[in-house]
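Q: after the sequence you'll find the predicted model.
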Amino acid sequence: MEVEGSKGPTSIDTDVVLVSVGRRPNSENLGLDKLGVVTERGFVTVDDKLATNVPGIYAIGDLCGGMLLAHKASKEAEVVAEVIAGHNAAMDIRTMPAVVFTDPEVASTGMTEVEAKQAGHTLKVGKFPFAALGRALSVNDTDGFAKVVADANTNEILGLHIVGNGASDLISEGALALEMGAELHDMSLTVHPHPTLSEALMEAAAAALGEAVHVINK
């Protein structure tokens with residue numbers, strides 16, 4: 001297959017090609033223009049309470065943009081229900097985890113290394129391979145790793161990224177860490193049961209601190 005990128009044309013040997021064209025909001029025939037609801041590129045504009053510019057009209061999920069994920073829409077629905085019920089609720093989150101259900105699974109929450117650097121952070125980064133995990137070895141599925149991105153000055157965890165078996169379940173610990181403003185020591189000093197895949201997160205945090213036991217510290 002011939003492809004062309006920033007470095008010009010190149011040839012790739014492949015059996016299968018996955019073409020991902022993205023998604024767009026299905027908002028054309030909802031009558032939003034007649035109601036005066038503000039949209040941008042088809043996405044409904046909302047505030048942190050998921051309210052549109054028209055009183056009494058709210059929007060959630062893919063219709064209001066952002067990360068087009070089912071769990072995002074579910075959380076937004078809860079917020080809107082609370083707001084309509086008269087409670088002081090808002091969409092106030094620090095991170096939205098995302099998962100790609102491939103084999104191996106890929107999961108991410110928070111900033112990547114590139115994003116953190118662009119935001120002005122000096123970084124500590126720790127990485128731990130599944131190949132060094134007893135649990136991964138015992139189930140014969142050692143592809144993958146866990147990676148922790150943290151601020152070098154405060155040790156606050158900025159992002160967590162996992163490739164491998166069980167990444168979709170493991171990423172919730174990273175999301176909790178970001179929501180509570182956890183630091184590297186909070187994760188590295190928390191005793192994780194052995195042998196488990198979750199130990200990769202503890203080990204990655206320790207590696208970021210230069211305190212790894214089961215991989216060589218950089």
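A: Yes, it's here.

Q: tally of neighbours for Ala167?
A: When neighbours are counted by other Cβ atoms under 10 Å, Ala167 registers 25. Yep, even glycine has a C-beta here, placed from its N, CA and C like the rest.

Q: hmm, I was thinking of Asp15
A: 5.

Q: just the pLDDT for the closest residue to Ser27 other than its chain neighbours.
A: Counting by Cβ to Cβ, 6 or more residues apart in numbering, Ser27 lies nearest to Gly42, which is 5.0 Å off, once chain neighbours are set aside. Gly42 carries a pLDDT value of 93.

Q: domains for the chain, by residue range?
A: Listed by automatic domain parsing, the domain ranges of the chain are 1-92, 98-208.

Q: now these as TSV including distance to Asn217?
A: Converted to TSV, these look like this (distance: least, Cβ to Cβ, whole Å):
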stretch	distance to Asn217
domain 1-92	34
domain 98-208	7
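
Q: and the residue nearest the centre of the chain, backbone torsions?
A: Centroid-nearest residue in the chain, with Cα atoms, centre = their mean: Thr109, separated by 2.7 Å. In terms of degrees, to the nearest 10, the main-chain angles of Thr109 are phi -150, psi 140.

Q: so what's the residue count around the closest residue to it other than its chain neighbours?
A: Leaving aside its sequence neighbours, Thr109 sits nearest to Pro97 (Cβ to Cβ, 6+ apart; 4.0 Å). If you count neighbours by other Cβ under 10 Å, Pro97 ends up with 20.
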